[in-house]
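Trainee: no sequence for this one, just the structure:
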DNA sequence: GCGTCTACCGACCGTACGTTCGGTAGACCT
DNA sequence: AGGTCTACCGAACGTACGGTCGGTAGACGC
């Protein structure tokens, strides 16, 4: 669905609570704030009032930009999932020996974690309470299956240590990768993926 | 505060909703149910009505056994934390070379995870929204510090691989261990701690 | 069989939540 | 300067929540 009319894109300037000038919010900038608060307090533990206070606007103003609380969650989860699935489409993930493809997916997953940290963090915490969350869980399982297949193929090629169960190793490694989101802050050393590389061998 | 009067301890029998006989609930059995639901839907996402429905009694009946929702969370978190701190007191954690103590703590942590799975799982998901949660977070940080000290000591002894940062390794390893709670079900093979042992070396 | 004790119940309360709505200040265009 | 458009607001609504309370069936001791 391409937009024929050129998008305005120019940020309108408004006066904030304190009378100072600032760019008006748009769905994206609001999403960024919402995700931060969702991570801090949990989705269910976050009220629209919490979001409004953090953004410095009123609760009702939020509805001018987004449909509601769940729409914010949906957009955030989609952003993380879209990035992860894009990795599956990359050449490095579809061509060559399974072991190389696996390495590529692991490395790129960590890079996505770095780039889209808050969105991925949120995704990793989804529990499935609403339809939105269940949908995200299903897509996440699809991604996990993609990786599991790579592990199985690499294992069949004899390119993985035979002394540990491939499925178990996958879970542990991804558990490790995903746990990074609990303490990592972008800007540090990226030797992290070198490390993950060492473990998978 | 020791109880002078001998606790009754004998389980009273009551008639359930369907007229069948069953043992009456007590704080412990109710806690077990509550923790299960907390894990499934998240603490904030769980209503007292959810708990009541799962237990097969009415919402108000729950208050006959426990003070409230937060008291259930508090009891659950205490159970996990008490078990973890008990590990710190064990002889294997306080005597001998640091590397051995570290190994012991890691192995015992995994065993605790196995024994007290739901309670530890809940602990790992705490976000700090209430005073109860903040308290649990603080105790957890204390435990983490205990482990970090062991790692530092083992590293100073030259018993850890020098090519990776000890603090980083600790985080990754405990991220790995903690991620086990997301998929592990007691009863499987316990080769898990052999594996963790291999990684730390 | 009778009395006591307690696990349980339904009805209710105040509050906080997500969401809606009618309005307005002021940014931008001409 | 006048007109339009929009990001924002305060007040209000229905609902669902955590928690309270007075009452009762029936299990148990005698």
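Mentor: Sure, I can see it. Please read these numbers as outputs of a predicted model, since none were measured by experiment.
Trainee: DNA strand C contacts on chain A?
Mentor: A:12-15, A:21, A:46-49, A:59-60, A:63, A:68-70 (C-beta under 7 Å from any atom of the strand). In this view, the C-beta of every residue, glycine as well, is placed from N, C-alpha and C.
Trainee: the helices in chain A, which residues?
Mentor: For chain A, the helices defined by DSSP state H cover A:27-41, A:48-55, A:59-65, A:69-89, A:91-94, A:98-115, A:117-125, A:131-156, A:166-179, A:191-200.
Trainee: now those as JSON lines including distance to DNA strand D?
Mentor: Below are the helices of chain A laid out as JSON lines (distance: least, C-beta to the nearest atom of the strand, whole Å):
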{"stretch": "helix A:27-41", "distance to DNA strand D": "8"}
{"stretch": "helix A:48-55", "distance to DNA strand D": "7"}
{"stretch": "helix A:59-65", "distance to DNA strand D": "3"}
{"stretch": "helix A:69-89", "distance to DNA strand D": "12"}
{"stretch": "helix A:91-94", "distance to DNA strand D": "39"}
{"stretch": "helix A:98-115", "distance to DNA strand D": "26"}
{"stretch": "helix A:117-125", "distance to DNA strand D": "19"}
{"stretch": "helix A:131-156", "distance to DNA strand D": "15"}
{"stretch": "helix A:166-179", "distance to DNA strand D": "28"}
{"stretch": "helix A:191-200", "distance to DNA strand D": "37"}
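Trainee: mean pLDDT lowest for which of the ones you listed?
Mentor: Lowest mean pLDDT within the helices of chain A: helix A:191-200, a mean of 60.
Trainee: circling back to that earlier point, residue B:85: which of the helices of chain A is closest?
Mentor: Proximity to residue B:85 (C-beta to C-beta) singles out helix A:166-179 among the helices of chain A, at 21.8 Å.
Trainee: near chain B, which residues of chain A?
Mentor: Residues of chain A found near chain B (C-beta under 8 Å from any C-beta of the partner chain) are A:40-42, A:44-45, A:125, A:127, A:129, A:164, A:168, A:171-176, A:178-180, A:182-183, A:192, A:195, A:199.
Trainee: quick one: buried ones out of those?
Mentor: Among the residues of chain A next to chain B, those classed as buried by 16 or more other C-beta atoms under 10 Å in any protein chain shown are A:41-42, A:44-45, A:125, A:127, A:129, A:171-176, A:178-180, A:192, A:195.
Trainee: ok, the closest residue to residue A:156 other than its chain neighbours - contacts?
Mentor: In this structure, residue A:156 finds its nearest non-sequential neighbour in residue A:98, 7.6 Å apart by C-beta to C-beta, 6 or more residues apart in numbering or on different chains. Residues counted as contacts of residue A:98 (C-beta atoms under 8 Å, 6 or more residues apart in numbering or on different chains) are A:150, A:153, A:154, A:156, A:157, A:159.
Trainee: separation between the last one and residue A:98?
Mentor: The gap separating residue A:159 from residue A:98 is 7 Å, by C-beta to C-beta, to the nearest Å.
Trainee: center of chain A, which residue is that?
Mentor: With distances taken as C-alpha atoms, centre = their mean, residue A:120 lies nearest the centre of chain A, 2.3 Å away.
Trainee: hmm, residue A:92 is touching residue A:102, no?
Mentor: No. Here residue A:92 lies out of contact with residue A:102, judged by C-beta atoms under 8 Å, at a distance of 10.3 Å.
Trainee: more crowded one of these two?
Mentor: residue A:102 (24 against 14; other C-beta atoms under 10 Å in any protein chain shown).
Trainee: which residues touch that one?
Mentor: A:147, A:150, A:151, A:154, A:200.
Trainee: try residue A:22
Mentor: Going by C-beta under 8 Å, 6+ apart, the list of residues near residue A:22 reads A:13, A:14, A:15, A:16.
Trainee: and which of those is nearest residue B:53?
Mentor: Closest to residue B:53, out of all of the contacts of residue A:22 and judged by C-beta to C-beta, is residue A:16, at 45.5 Å.
Trainee: any idea how far the closest one is from residue A:57?
Mentor: The gap separating residue A:16 from residue A:57 is 8 Å, by C-beta to C-beta.
Trainee: the two: which is more packed in?
Mentor: The residue with more neighbours, out of residue A:16 and residue A:57, is residue A:57; 20 against 12, by other C-beta under 10 Å.
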